[in-house]
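*Asks:* Prediction below, plus the sequence it came from.
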Amino acid sequence: MSKQIFLTNTLGQKKELFAPIRDGKVYMYVCGITPYDYSHIGHGRSYVNFDILVRLLRFLDYDVTYIRNVTDIDDKLLKKETESGRNFKEIAKFYTDDFRTQMQAVGCLQPTHEPNATDHIDDIIETIQSLIDKGHAYQLGSDVYFDVSSFEPYGKLSGKNLDDLREGARVAVNEQKHNPEDFALWKGNSQDLFWKTPWGHGRPGWHIECSAMIHKFCKDGLDIHAGGADLIFPHHENEIAQSEAAYGIPLAKTWLHNALLNIDNAKMSKSAGKIISLREMFAKHDPMSVRFYFLQHSYRTPINFAYEKIESSDKALRRLFAAIGDNQGNFVAGSEIVKEALSAICDDLNTPKALGILFENIGKIRESDELASGVAWLLENILGIKAPKEKVEKLSPEILELIKERDEARKNKDWKKADEIRDKLAECGYAAQDKKL
């Protein structure tokens, strides 16, 4: 199979043939969580999407280093510390552990590296000092700010213009800043809290940790940097500015962003009560059905979430596994259907098209053990989907009646009718398991 993968690069807003910087080697960084609360379904969507890309690249024989950070020092964490009386590090560990549990449940591979910001304070301080020395940052008291006017390409990812940003800017909190858009690299304090630096005690700003940790693990530029669309500005724009100003090389060749997952056509918001945690979701629905639901949408298309859509996805997934039956996953290089589905995924991670191909051929899958094995392999190894657990629920009267009719047909050796009813059951998400008569 060809190694060609096409991805829509946010930097330039066009679909491009992916070509790594280093032959056969891919460095990929995805912005991780701030662990101040339970991870939600928006996190799930984002990390499932990029998990597919890691799986695909590895299948195509790329040596992938997958990095995903944890922002374990942040305003929200410190607010939680004040509210709960628990140390922010304890809070961060609790919610990070929960996040990893949910990621495992939904079938996401563990990153190669998952660094905490607080473990890289020395790297952060070194990066900030480099920016000061090169004239891209300045100190105000014990705070340090990045001077956006010193970085001429600022706005190249988001398309935002500095003049437009200044026109719409509110009065700066710190009126001594050189520009209203300048952002904090280091947040100082006069109580000798957190870490001591040449500028006084303090803690990192939000954006700088990613630049420092990316440079720690990949000094000559990322192949792929990814995250949610809400991170394009200001987070990723600021990452580019500080990284490229500090190190003098492009931060990343390809930028990928998944569209948001909304509830009732509105962005998820804790203050508005529009948050659904992954642990809450998985208490009600099989994680594999939730993953399947995410993959029925292009990563670049917004999702308007509804519980009934998960129910529909669950039924469809069970129908697909009913067609596969007991066949074990095995890559079948000669299967045109599997190759066609793989090609769709190679075209900008088009998982909806790939799944459509499988469902269009569900009859053939049901009839061919070889094809069923190939589809089982594709689901598990590329799409990261295993068979959902058996439902523990009361069967409807209609399903019970179909089962009864099929048993009677088998007793009468009316195999045609028995097969027809078996197919009806499969369409409803139930696999008929026969016992010897």
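*Replies:* Sure thing, it's come through.
*Asks:* quick one: the strands in the stretch 201-350 of the chain?
*Replies:* Per DSSP state E, counting those that start in this stretch, the stretch 201-350 of the chain carries strands over the ranges 222-228, 252-258, 261-263, 266-267, 303-305.
*Asks:* Could I get the ones you listed in CSV, plus columns for mean pLDDT and distance to Ile403?
*Replies:* For every residue, glycine as well, the C-beta is placed using N, CA and C. Below are the strands of the stretch 201-350 of the chain laid out as CSV (pLDDT from 0 to 100; distance: least, CB to CB, whole Å):
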stretch, mean pLDDT, distance to Ile403
strand 222-228, 98, 45
strand 252-258, 98, 41
strand 261-263, 91, 37
strand 266-267, 76, 43
strand 303-305, 94, 33
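*Asks:* Any idea which of these gets closest to Arg86?
*Replies:* strand 222-228 (27.5 Å; CB to CB).
*Asks:* orientation of that closest one relative to strand 252-258 in degrees?
*Replies:* 20 degrees (axes from the mean of the first three to the mean of the last three CA atoms, to 10 degrees).
*Asks:* Strand 222-228 packs against which elements?
*Replies:* Applying 3 or more CB pairs under 8 Å, 6 or more residues apart in numbering; DSSP states H and E, one finds that strand 222-228 contacts strand 25-30, helix 41-59, strand 252-258.
*Asks:* Now do the contacts for Lys156.
*Replies:* Contact analysis of Lys156 by CB atoms under 8 Å, 6 or more residues apart in numbering lists Leu11, Ile240.
*Asks:* Give me the distance between it and Arg58.
*Replies:* From Lys156 over to Arg58 the distance is 30 Å, taken as CB to CB, to the nearest Å.
*Asks:* now Asp369
*Replies:* Counting by CB to CB, the gap from Asp369 to Arg58 is 27 Å.
*Asks:* Would you confirm that Arg58 contacts Val64?
*Replies:* Yes - contact criterion CB atoms under 8 Å: Arg58 and Val64 qualify, at 5.4 Å.
*Asks:* how about the nearest residue to Phe151, chain neighbours excluded?
*Replies:* The spatially closest residue to Phe151, leaving aside those adjacent along the chain, is Ala241, at 4.4 Å (CB to CB, 6 or more residues apart in numbering).
*Asks:* Give the burial count for the one you found, as a bare number.
*Replies:* 28 (other CB atoms under 10 Å).
*Asks:* For it, list the residues it contacts.
*Replies:* Contacts of Ala241 (CB under 8 Å, 6+ apart): Phe146, Val148, Phe151, Pro153, Tyr154.
*Asks:* before we move on, what about Arg300?
*Replies:* So Arg300 contacts Thr8, His257, Asn258, Ala259, Asp348 (CB under 8 Å, 6+ apart).
*Asks:* and the second one, how far is that from Val30?
*Replies:* As judged by CB to CB, His257 and Val30 stand 11 Å apart.
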